[in-house]
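Asker: Next one to model:
(2 chains)
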Protein chains: 2
Amino acid sequence: MIKIAILGYGVVGTGVAAVLERNRELITQNAGHEIHVKYILDIRDFPDSPRKVLFVAHFDEILNDPEVKIVVEVIGGTGAALDYTRKSLNAGKSVISSNKELVAEFGNELMNIAAEKGVNYLFEASVGGAIPIIRPLVQCMTANIISEIYGILNGTTNYILTSMEKNNAKYSAALLEAQKKGYAESDPTADVEGHDTCRKICILSSIAFGKHIHPKYIQTQGIKEIEIADMHMTKSLGYRIKLLGRSRLTGDKILVFVAPHLVSDHSVLSDIDDVMNAAVIRGNASGDIVLCGAGAGKLPTASAVVADIIDAVRHMHARRWIGWSEGGKENLSDHKLLESAWYVRTDAPKEKVEREFGSVIFAPFNQHPSAEIAFITSVINEKKLDYLLSRDITAMSKFRILGDY
Amino acid sequence: MIKIAILGYGVVGTGVAAVLERNRELITQNAGHEIHVKYILDIRDFPDSPRKVLFVAHFDEILNDPEVKIVVEVIGGTGAALDYTRKSLNAGKSVISSNKELVAEFGNELMNIAAEKGVNYLFEASVGGAIPIIRPLVQCMTANIISEIYGILNGTTNYILTSMEKNNAKYSAALLEAQKKGYAESDPTADVEGHDTCRKICILSSIAFGKHIHPKYIQTQGIKEIEIADMHMTKSLGYRIKLLGRSRLTGDKILVFVAPHLVSDHSVLSDIDDVMNAAVIRGNASGDIVLCGAGAGKLPTASAVVADIIDAVRHMHARRWIGWSEGGKENLSDHKLLESAWYVRTDAPKEKVEREFGSVIFAPFNQHPSAEIAFITSVINEKKLDYLLSRDITAMSKFRILGDY
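Answerer: Sure, this is the predicted structure:
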């Protein structure tokens, strides 16, 4: 029997406890040992919980119990989570995490401690919830030079965008609905401003390209400026708007950014609705691999956490290979130089647009009460785009169009 | 340095040699050892190949060389491939295979030999080419009770179906085009009659449900009967036709079959075009996971084979967990009892259809020169469908509609 502790009894923590109970027999069989939750740590009290006897108030009780071999950190953030993870690893306990913020900011340091102590620090659940992404990247794509990774990596924003489209709703109304349904936090900043997506693309990039990519260096644009008019225009052009985290190798540098994009109706990404996520991994032998599924939620996230627990149990005395080296701003290249076709919404007359941009594709949608139009440019970088727009074309919005340029 | 032998120098064999050369540095780093191809076995001569010095004419040369630790079997079929795999495993060599026929028919026996001898028999490339499917199933879904697996698992038939739609082409013309482009064999039977899909869904089912499921017991319908009229009718109903391998748990039995299906335009599967493949795995915690990518081809298949080689090198003295137990016809349930909505094309008048089937959805498409119509039934099993059709409604075609019933 392997004894574990769960730090944090929120959505993911309760999910982990629930999955361990619900699928106990199968999990015992797959892990080769029964997995027993010995402690749950939370600052809140749960006097009515059937698991109340497991609760402890002090982390030290867990840290000092040599029986606890695996610590599940599902607290989130970089405060207590960082402190407890460091201490657990240093005490020779493996740590399983769903905490993208912690992995994106301190993953390198924590994996170094794990390596020193001969234990595992695993975080499959930190990107894409239930979707297998990190293991496929680390184990199945090993014969490939990865040139690009991108995807829909945040369920909340994808839910809001889907809802804006479906219900012809404004951003603010769609956000409110998402909050009511529990798909958005009361403070939705981390999601809607793209920080959550940023952390996840940083983790994937660090794994794929081998250098630590810190979120603080990454240009991140969220979804708050997207208007219903954009939904109509893009639809009429055969596209949908999705918030993407993107990362690619450009020479010996890495280009990483987060921004809303237009994706073609014919792409798999266009069918990723609501809280679903999808990641595309491009290898030089494999071509494009697309991995889709529930990107968040109690049981899906717990599914990935428990798979990591099982893996850690199976490899109690062996280290799972994962890691990357230090990296800094010098490893990153300027996203403004990345060329693509662009979608622009403006109130400038078509003639002026054609004079500045040459041949463009105008959106057929024209039922908007205003004189607004939208168009798709030829393939140019953002500096060129901004220069052309500066010549007296006011852009209400401008988004990249995803494609192979 | 680890020395390996490649058995079979066809599309996949040349791909494996090419990927090992092209990404040598990365592969050495990921494997922890340089991987050196010591022998290539093929019955054909390649006097002009830059690799000609590696060719040997007799398998025994490979078998009796203790330096060869890993044998890559990319011959295909169950003749020499079976013999060489048995002998290699018995000689304590790990075997990597892309041979779905061999794994589907003899996987259980071969994994038992591998277990006995403490070596690995790995076959990620046997299903879905470059797409990570087997590892995610075995490692990432371990916390889940799997209830269902299905997918587009054959590139050739998917290419033909896509081409029929795009080019308004008959099956025979689309097949000819696929053959010209090298996407279909000169004898396309295994693909177009669904046997290849059948082998792959058998492998996935055996892994997911733990019992060996032999292709010979599986009802398999191919794509030869699909007509252009069906393409038009299904399109007008908001669906596309895809050949699916399907498998699900029904009580303590397993339901497995292969047949063309209508999939909704809004599903991810509807955007899987040409030679792309996709597999859906449904877990009781994860929900639906969809894995997509190039399902065949030289480099994509080699990408998966080489990842297995790397894994075998990393685990030279440890066994990767994978396997299933014996299984037989008694583990299978009758697909005729599986309920679904159905698409039916007929020349019967609408009134007669409504009299027999009650409320149905008729296809809006009506430009076909004949008096044919198509409709979607309510949710019934195939026995009920056949009974209703037997009451004087001639079905030109009938296909299941994929959905959660």
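Asker: Could you tell me the end-to-end distance of stretch A:182-199?
Answerer: 21 Å (CA to CA, to the nearest Å).
Asker: ok, that stretch near chain B or not?
Answerer: No: on the criterion CB under 8 Å from any CB of the partner chain, stretch A:182-199 is out of touch with chain B, staying 14.7 Å away. Where C-beta positions appear, they are placed from N, C-alpha and C, glycine not excepted.
Asker: okay, now A:Asp83: neighbour count?
Answerer: For A:Asp83, the tally of surrounding residues (other CB atoms under 10 Å in any protein chain shown) stands at 12.
Asker: The one 3 residues further on now?
Answerer: Summarising burial for A:Arg86: neighbours were counted as other CB under 10 Å, giving 15.
Asker: So it, which state does it fall into?
Answerer: Under DSSP: H, G, I helix; E, B strand; the rest coil, the three-state class of A:Arg86 is helix.
Asker: Go ahead and confirm it touches A:Met111.
Answerer: No: counting by CB atoms under 8 Å, A:Arg86 does not reach A:Met111; the two are 11.8 Å apart.
Asker: Can you name the residues of the stretch 251-400 of chain A sitting close to chain B?
Answerer: A:266-268, A:270-273, A:283-294, A:297, A:299-300, A:302-307, A:309-311, A:314, A:318, A:321.
Asker: Spell out for me the ChimeraX command that would select the buried members of those.
Answerer: In ChimeraX, this line selects whichever of those come out buried by 16 or more other CB atoms under 10 Å in any protein chain shown:
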select /A:267,268,270,271,272,273,283,284,285,286,287,288,289,290,291,292,293,294,297,299,300,302,303,304,305,306,307,309,310,311,314
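Asker: Filter the residues of the stretch 251-400 of chain A next to chain B down to the ones in helices?
Answerer: Assigned to helices by DSSP state H, the following of these qualify: A:Leu299, A:Pro300, A:Ala302, A:Ser303, A:Ala304, A:Val305, A:Val306, A:Ala307, A:Ile309, A:Ile310, A:Asp311, A:Arg314.
Asker: Pick the one among these closest to B:Gly238.
Answerer: Nearest to B:Gly238 out of those is A:Pro300 (CB to CB; 27.9 Å).
Asker: tell me the contacts of the closest one?
Answerer: A:Gly129, A:Ala130, A:Gly293, A:Ala294, B:Ala285, B:Ser286, B:Gly287 (CB atoms under 8 Å, 6 or more residues apart in numbering or on different chains).
Asker: if we go to 7 Å?
Answerer: A:Gly129, A:Ala130, A:Ala294, B:Ala285, B:Ser286, B:Gly287 (CB atoms under 7 Å, 6 or more residues apart in numbering or on different chains).
Asker: measure it to A:Ile309 for me?
Answerer: Separation of A:Pro300 from A:Ile309 (CB to CB, to the nearest Å): 15 Å.
Asker: Would you map the strands across the stretch 51-200 of chain A?
Answerer: A:55-56, A:68-73, A:94-97, A:121-122, A:146-152 (DSSP state E, counting those that start in this stretch).
Asker: Out of those, which gets nearest to chain B?
Answerer: strand A:146-152 (9.4 Å; CB to the nearest CB).
Asker: residues of that closest one that come out buried?
Answerer: Neighbour counts using 16+ other CB under 10 Å place A:Ile146, A:Glu148, A:Ile149, A:Tyr150, A:Gly151, A:Ile152 of strand A:146-152 among the buried residues.
Asker: Save those as JSON lines, and put in distance to B:Ile393 too.
Answerer: Listed next are the buried residues of strand A:146-152 as JSON lines, based on distance: CB to CB, whole Å:
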{"residue": "A:Ile146", "distance to B:Ile393": "54"}
{"residue": "A:Glu148", "distance to B:Ile393": "52"}
{"residue": "A:Ile149", "distance to B:Ile393": "51"}
{"residue": "A:Tyr150", "distance to B:Ile393": "49"}
{"residue": "A:Gly151", "distance to B:Ile393": "47"}
{"residue": "A:Ile152", "distance to B:Ile393": "44"}
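Asker: dump the residue contacts of the nearest residue to A:Ile160 once chain neighbours are set aside.
Answerer: The shortest distance from A:Ile160 to any residue other than its chain neighbours is 4.6 Å, reached at A:Ala174 (CB to CB, 6 or more residues apart in numbering or on different chains). By CB under 7 Å, 6+ apart, the residues touching A:Ala174 are A:Ile160, A:Ser163, A:Met164.
Asker: and which of the buried residues of strand A:146-152 is nearest to A:Ser333?
Answerer: Using CB to CB, A:Glu148 comes nearest to A:Ser333 of the buried residues of strand A:146-152, at 13.2 Å.
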